[in-house]
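>>> mind folding the following:
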Amino acid sequence: MKMGIPVSKFICASNENKVLTDFFASGKYDTKRDFVLTNSPSMDILISSNLERLLYHLSSADELRELMESLDSKGEYKVSDSIKAGLDCFYAGFADMHLTCETIERTIQERKLSCRHSYSRSLCSLRAVQEGDG
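Numbers count the residues shown, from 1 in each chain. From the prediction side, this is the model:
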């Protein structure tokens, strides 16, 4: 409610690189993993600058600096319990290339048009609703 709007969950959709999905589940951000080139290239990331902006709002300047220094030096960090608690308004999920392609095909058959990245988001949104988090 900090923004003044009644949102129950924000949905973070990823492709199979799923660094953000794993982060929201565990509180550990780890870039030391295989990198997959997918059919959603703007989601092909291991370092998310948007996440740093979110952490800015959930932590102190010293905490954020320590996290970013750990990311630079070790390729990973783990957030504190208090920061992790601030992430509970997020649902994070991912769609692999197979599911993304299936969704693209179904959407075309329904004569709807969208971009590749929206298909991953659509799948994650549907999962959030099905799991009672959306």
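>>> and Tyr29, what pLDDT?
Predicted confidence (pLDDT) at Tyr29: the value is 97.
>>> I should have written Ala13 there, sorry.
Looking at Ala13, its pLDDT is 85.
>>> confirm that it sits in a helix.
No - the assignment for Ala13, made by DSSP: H, G, I helix; E, B strand; the rest coil, is strand rather than a helix.
>>> that one contacts Tyr91, doesn't it?
No - here Ala13 lies out of contact with Tyr91, judged by C-beta atoms under 8 Å, at a distance of 9.2 Å. Bear in mind the C-beta positions are built from the backbone N, C-alpha and C, glycine included.
>>> and stretch 16-33, end to end?
12 Å (C-alpha to C-alpha, to the nearest Å).
>>> may I see the buried residues of it?
16-24, 27, 29-31 (16 or more other C-beta atoms under 10 Å).
>>> how about stretch 46-58?
Neighbour counts over stretch 46-58 (16+ other C-beta under 10 Å) mark 48, 51, 54-55, 58 as buried.
>>> which residues touch it?
Here stretch 46-58 makes contact (C-beta atoms under 8 Å, 6 or more residues apart in numbering) with 2, 17, 19-20, 23, 29, 31, 33, 35, 64, 67-68, 71, 79, 82-83, 86-87.
>>> near Gly93, how many other residues are there?
Neighbours of Gly93 under the rule other C-beta atoms under 10 Å: 23.
>>> and the helix or strand hosting it, what does it pack against?
Using DSSP states H and E, Gly93 sits within strand 90-94. Helices and strands touching strand 90-94, by 3 or more C-beta pairs under 8 Å, 6 or more residues apart in numbering; DSSP states H and E, are strand 10-14, helix 19-26, helix 116-130.
>>> could I get the shortest one in CSV with only the CA atoms?
Coordinates of the C-alpha atoms in strand 10-14 are reproduced here as CSV (Å, rounded to 0.1, in the frame of the first residue of the first chain):
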residue,chain,number,x,y,z
PHE,A,10,3.0,-8.0,-8.3
ILE,A,11,3.9,-10.7,-10.8
CYS,A,12,7.5,-11.1,-11.9
ALA,A,13,7.6,-13.2,-15.1
SER,A,14,10.9,-14.7,-16.3
